[in-house]
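Asker: This is a predicted model, with the sequence first.
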Amino acid sequence: MPLLPVLEGLHSAEAFDPAFLQAFLDRVRRLEVDPDGFRDSLRGRIVATVFEEPSTRTRLSFEAAAHRLGAGVITVADPKTSSRAKGESLRDSARIIGGYADLIVWRHPCDGASRLAAQAAAVPVVNAGDGRLGHPTQTLVDLYTLNQAWGGFEGRTVGILGDLAFGRTARSLLWGLTLLGARVVALPAPGLDWEAGFEDRVAERAGYRTVRVSHPMFRSWTGSEEARLLEPRGVRQGTLFGDGPPRLERLDALYLTRLQEERGAVAERGVYPGLRPWQLEDPLLADCLFLHPLPRRGELPESVDEDRRARYFEQARNGPVVRAALFLALLRPDSWQLPPLVSLPAGSPEPDLGPCPNPGCITRSEGIRAPWRVAGRRHRVFLCAYCDTRIPVEYVGCRSSRRVHPLHSPAVLQIRPENLRPYRSRDEALADGYVWGGG
Amino acid sequence: MPLLPVLEGLHSAEAFDPAFLQAFLDRVRRLEVDPDGFRDSLRGRIVATVFEEPSTRTRLSFEAAAHRLGAGVITVADPKTSSRAKGESLRDSARIIGGYADLIVWRHPCDGASRLAAQAAAVPVVNAGDGRLGHPTQTLVDLYTLNQAWGGFEGRTVGILGDLAFGRTARSLLWGLTLLGARVVALPAPGLDWEAGFEDRVAERAGYRTVRVSHPMFRSWTGSEEARLLEPRGVRQGTLFGDGPPRLERLDALYLTRLQEERGAVAERGVYPGLRPWQLEDPLLADCLFLHPLPRRGELPESVDEDRRARYFEQARNGPVVRAALFLALLRPDSWQLPPLVSLPAGSPEPDLGPCPNPGCITRSEGIRAPWRVAGRRHRVFLCAYCDTRIPVEYVGCRSSRRVHPLHSPAVLQIRPENLRPYRSRDEALADGYVWGGG
Amino acid sequence: MPLLPVLEGLHSAEAFDPAFLQAFLDRVRRLEVDPDGFRDSLRGRIVATVFEEPSTRTRLSFEAAAHRLGAGVITVADPKTSSRAKGESLRDSARIIGGYADLIVWRHPCDGASRLAAQAAAVPVVNAGDGRLGHPTQTLVDLYTLNQAWGGFEGRTVGILGDLAFGRTARSLLWGLTLLGARVVALPAPGLDWEAGFEDRVAERAGYRTVRVSHPMFRSWTGSEEARLLEPRGVRQGTLFGDGPPRLERLDALYLTRLQEERGAVAERGVYPGLRPWQLEDPLLADCLFLHPLPRRGELPESVDEDRRARYFEQARNGPVVRAALFLALLRPDSWQLPPLVSLPAGSPEPDLGPCPNPGCITRSEGIRAPWRVAGRRHRVFLCAYCDTRIPVEYVGCRSSRRVHPLHSPAVLQIRPENLRPYRSRDEALADGYVWGGG
């Protein structure tokens, strides 16, 4: 399987693992208490911030981080003056800007753009939000904020509320929380859940299972009193009374998100869930920290701002120091070594499995092939290597045995990754000389 | 009276006083002659410039100032990528950016925006122009330029010509000149005078009176040979000959401004006053310095550029050093102490006196209450605490005596500020249990 | 002849000469191998980048250069927030920004803008592209890239392919290559040749002649197998066989450019020449380096990217170090002295020869007179001193002898430059008291 090179930088929260996250959160703290000690750490280095979607907050947070370490900053802040506006490919832009800067922070409207940019640039690329796919540094900020309050994640229960379908911060956070052992309640706005395959993939990676819990307040958010809870497999469930799922007694944190209208999200019947004043007194939220990546709309009323449980402005304040720590990890491994990020395979462009089914995928706007990678331990899943969308594969051959099997055949799990040869149809495989291996 | 907290930073030229200005102008000079001595004064600090109106000149001037002191700069230069464009409140933006930077320079199209931003941000905010309200750092630049030429302001007469109604630089300059003892001739374009209450408030604060003077040239500017002169109360007027006001013999400086079309200003019959070549020879202007905040239109022809009296490019050149001195005053009081700015009360939101009458007020676009403050020694005037617009108050109660009086009753002047309870109508006051105290 | 002052900065590749270029290329190399040695060379200095046309690449390249030397950077990146959008003259903008920064990098849509800006600003201005006129720092980058590969230019043959009419990089490169002794083949897209006068002027300055050469591949580019070759006068031509011009056996470099659609360039019958895969195997290109200023369109397919002859991403990578060297030459002549640039006369506004014939000239958009300068050794040519467009002059008087002659009279070549008095018509000259000197 001809693999594309491993990606440098940080593109997806899937690249985190517990050792990295624990060490990273410790390091942020060290940086926070001694900013002057790192004032010249990146002197003579240049950080480029390329924002091809309107943004103020995230860009300024990254730029403040770079300045705090003494780096120079070069910026593309206006989508209309960007490469796309002039018809240049993302790859050319990345390769060129990689010649000017030591690290590039990139925000892009297409899913998977960060990974493609990283392949072209000769320097690390940090994903500052790509389409609806991910926003891993926001997750680092979120985790740092919670860790400062809690000192750890075990036994904590976090609700993620709102637009899970289009919200990249929610998607990234699910990776982060499950890798650190927290329990997560998915509270999607009606019609705005993430695709099932995503949650399954996260749960499998983290060793989690999904159970159901209930609380009357959930109805006001999702339309149902029941919700999915992702928890570590080893956790003992409470005894069940009666017929329904157990009641959730408390949330330790509630992560609110806004409706991602700019990505086409629409609230069902115009109602979008948020925090209401009457909910603040409910025992479910008695010690619940309120987080929000901001900007907010109506889902988080200003009356909560002075509440002792509000942490969203603290999140914003934590942005620069967390991002500074990431810059140090990527540009100064000599003095700031961390456990490595998980290297995701960058995927194989052969065979060509056709266009990525996701119309927002970067391969669509760039007019290039969608390389694929494989995930899943119990079932092989073929994903677009850029945007993680599942690619329809029905049959899998083994390059070594020259046999082909249906995707869900147990035999497929025995094929070594480098020997996988996916097909959309059995006839294609047979035409390639594969022998039917049965399923 | 529940007061909002005192505002940090610099929002209005009303916050100046003579001791501050004198000391400040001295300090600018020290910085100008020894730039290298201050090259690292703000090293490790971050200045944010947030420009929600198109601007090049002022933004660059502030940013050059920050760089000269070694600060890092983060910028929002495009109104379309700003918080407002994404529906975020100014308060949220200010609070968040205040978590990234040590000081924020803010330009905003709404009157009073700077004060509101300062209440939300945890760091000093410097007003770089808010609506038509003020532009206090431009005034510091103007005063420095004049001080360099004159060595002082006593006995000097300055004409302010053009769009006084919408020109924030003119409005701020009137505060500055009167606090330093200069005489000011108001020369508004026809139909573009500032509201009478403003001039009265400035005059009262500075101990000035308004008299009339005349000169034939005034007719070409304002449509009348007569104009208002603001002068210190102690100044002896020249003897009057004949019926009319005394003729003004000379102007020491003429401050030109352009028509603020972007704020809706319209020149009567399309004519807008400026400097004409034939006027340059008139004795009135024989030693008159010409100032202009730029950019200019037709009111200041290029033929004046090489005239010995032209000072407008020198003003522009003075921008960075003056602003650098302000940064030092706000961020390095340890080594650069100045007499304090006058602390303006941030106002009380109780009782709710209804929406601010000024449609350009920041309270309108933010959808919040207009807090009020009180000004005036001879007559109590109730102002919007953000935009300084007069709020219609007709009756005033005393929270201590529980009596209510008409606004202009001498009894109102006896009420201590913290006991003031303004009402729009007498009936409201009586319904609140106040007793009619007469007037 | 009242001359405008000599221009500071770098506005046109015409200002290069061989000694400057050789020394400059050496210096770039020194900077490239020892970046840390120059990290603080511009500490405390400010570079302004003013881009009044959309640009990412060039602006970031200049800004990276400034940061690598420790300078502060202030930026105008959005044409809509620029001075022109607010109706300010380029001269006022330049004068003001020159008061904020130690050097200004300016990109502008009008031909000659850089020279006009330099006259107004009190600091050096570097042209980052003005209209279709020139882009001299790109030429320095191009020359450095070729010099690194070749170690010198003598005997090398470079094809310049594409939109010569509107391409400023091609125009500037012709100056650079001929000053260094390389041979140049002009390969204009059909209908997109530069004006003949331009090539003649370059050839005369460099001591070059134009001959014709042929190759079958040229037909696919220009529509003809024959092309113009500019070569040093001393070069011996190969023996001619048969009737046609000699065949060109090899190109050492091919400089591709895109169609400048934003300047109104249109490809004839929609076809625009570029590199085609089948051409890569032709002996003509066997050792031919491929350069392109980027961004590219279809003229340079991505399949060439990994070819050993591709140099365009290396060009991009060389941008910051080349521009850093220029900053040092202009701002630190104390420690980084170079042979001087050729001082072009800034031109004379007297007599007023009427508006510049070039509608894209900066004098048109500024509404000012077009000053003229004189060029040509064998024939006097009168050029707009800003945009180099030929001004129609038919008669020339001598201020000393008071005689007037037809432009092409040998007598005109005898008139000292300071005595030249151009006329559009003979009658004008006679009316001014000149005597007919014949021709």
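Answerer: Yep, that arrived. Numbers count the residues shown, from 1 in each chain, chains lettered A, B, ... in the order given.

Asker: Okay, and the most centrally placed residue in chain A sits in which element?
Answerer: The centroid of chain A falls nearest to residue A:172 when counting by C-alpha atoms, centre = their mean (2.6 Å). Secondary structure assigned from DSSP states H and E places residue A:172 in helix A:168-179.

Asker: That helix near chain B anywhere?
Answerer: No - Helix A:168-179 does not reach chain B (C-beta under 8 Å from any C-beta of the partner chain); its nearest approach is 15.1 Å. In this view, the C-beta of every residue, glycine as well, is placed from N, C-alpha and C.

Asker: average pLDDT for that helix?
Answerer: Helix A:168-179 carries an average pLDDT of 97.

Asker: and stretch A:268-278, average pLDDT?
Answerer: Average pLDDT, stretch A:268-278: 91.

Asker: got the contact list for it?
Answerer: Stretch A:268-278 has contacts (C-beta atoms under 8 Å, 6 or more residues apart in numbering or on different chains) with A:161-163, A:187, A:189-192, A:220-222, A:254, A:256, A:259, A:290, A:297-301, A:303-304.

Asker: end to end, how far does it reach?
Answerer: 23 Å (C-alpha to C-alpha, to the nearest Å).

Asker: buried set for it?
Answerer: A:272-275 (16 or more other C-beta atoms under 10 Å in any protein chain shown).

Asker: how about those in TSV, adding secondary structure and distance to residue C:377?
Answerer: Output for those, formatted as TSV (DSSP: H, G, I helix; E, B strand; the rest coil; distance: C-beta to C-beta, whole Å):
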residue	secondary structure	distance to residue C:377
A:272	coil	76
A:273	coil	81
A:274	coil	79
A:275	coil	81
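
Asker: so, if you compare these, which one comes nearest to chain B?
Answerer: residue A:272 (13.7 Å; C-beta to the nearest C-beta).

Asker: how many other residues sit next to residue A:144?
Answerer: Residues lying near residue A:144 (other C-beta atoms under 10 Å in any protein chain shown) number 23.

Asker: these two touch, right, it and residue A:317?
Answerer: No - counting by C-beta atoms under 8 Å, residue A:144 sits too far from residue A:317 to count as a contact (10.6 Å).

Asker: now for the helix holding residue A:172, which elements pack on it?
Answerer: helix A:18-33, helix A:136-150, strand A:157-162, strand A:183-188, helix A:196-206 (3 or more C-beta pairs under 8 Å, 6 or more residues apart in numbering or on different chains; DSSP states H and E).

Asker: avg pLDDT for the next helix or strand after the last one?
Answerer: Toward the C-terminal end, the helix or strand that comes next after helix A:196-206 (DSSP H and E) is strand A:208-214. Per-region confidence: strand A:208-214 scores 96 on mean pLDDT.

Asker: what element comes up after strand A:208-214 heading to the C-terminus?
Answerer: Remark: after strand A:208-214, the chain's next helix or strand is helix A:216-222, criterion DSSP H and E.

Asker: other SSEs contacting that following helix?
Answerer: strand A:183-188.

Asker: that older thread, distance to residue C:391 added to the buried residues of stretch A:268-278, as TSV?
Answerer: Formatted as TSV, the buried residues of stretch A:268-278 follow (distance: C-beta to C-beta, whole Å):
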residue	distance to residue C:391
A:272	66
A:273	71
A:274	69
A:275	72
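
Asker: Looking at these, which is nearest chain C?
Answerer: Nearest member of these to chain C, counting by C-beta to the nearest C-beta, is residue A:272, at 33.3 Å.

Asker: What strand or helix carries the residue in the stretch 301-439 of chain A positioned nearest to chain B?
Answerer: Minimum separation of the stretch 301-439 of chain A from chain B (C-beta to the nearest C-beta) falls at residue A:317, amounting to 3.5 Å. Assigned by DSSP H and E, residue A:317 falls within helix A:312-331.

Asker: how about that helix, does it get close to chain C?
Answerer: No - counting by C-beta under 8 Å from any C-beta, chain C has no neighbours in helix A:312-331; the shortest distance is 14.5 Å.

Asker: thinking again about what came up before, residues contacting the residue nearest to the centre of chain A?
Answerer: By C-beta under 8 Å, 6+ apart, residue A:172 lies in contact with A:12-13, A:134-136, A:138-139.

Asker: quick revisit: can you tell which of the helices and strands packed on helix A:168-179 is closest to chain B?
Answerer: Using C-beta to the nearest C-beta, those put helix A:136-150 closest to chain B, at 11.3 Å.

Asker: So which of the contacts of residue A:172 wins on neighbours?
Answerer: Ranking those using other C-beta under 10 Å puts residue A:136 first, with 31 neighbours.

Asker: What is the neighbour count of the residue of the stretch 1-150 of chain A found nearest chain B?
Answerer: Minimum separation of the stretch 1-150 of chain A from chain B (C-beta to the nearest C-beta) falls at residue A:67, amounting to 2.9 Å. Number of residues near residue A:67 (other C-beta under 10 Å) recorded here: 26.

Asker: quick one, what contacts it?
Answerer: Counted by C-beta under 8 Å, 6+ apart, residue A:67 has contacts A:73, B:46, B:72-74.

Asker: can you do 10 Å?
Answerer: Applying C-beta atoms under 10 Å, 6 or more residues apart in numbering or on different chains, one finds that residue A:67 lies in contact with A:39, A:42, A:47, A:73, A:320, A:324, B:44-47, B:71-74, B:100-101.

Asker: PyMOL command to pick out the buried ones of these?
Answerer: To isolate the buried subset of the contacts of residue A:67 in PyMOL, counting by 16+ other C-beta under 10 Å, use the following:
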select buried, (chain A and resi 42+47+73+320+324) or (chain B and resi 44+45+46+47+71+72+73+74+100+101)
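
Asker: how about residue A:256, phi and psi?
Answerer: For residue A:256, the backbone dihedrals (degrees, to the nearest 10) come out as phi -90, psi 150.

Asker: quick revisit: so the residue of the stretch 301-439 of chain A closest to chain B sits against residue B:101, correct?
Answerer: No - taking C-beta atoms under 10 Å as the contact criterion, residue A:317 and residue B:101 are not neighbours in contact, 11.1 Å apart.

Asker: For the stretch 251-400 of chain A, which residues are neighbours of chain B?
Answerer: For the stretch 251-400 of chain A, the contact set with chain B under C-beta under 10 Å from any C-beta of the partner chain comprises A:258, A:261-262, A:294-297, A:300, A:302, A:305, A:312-320.
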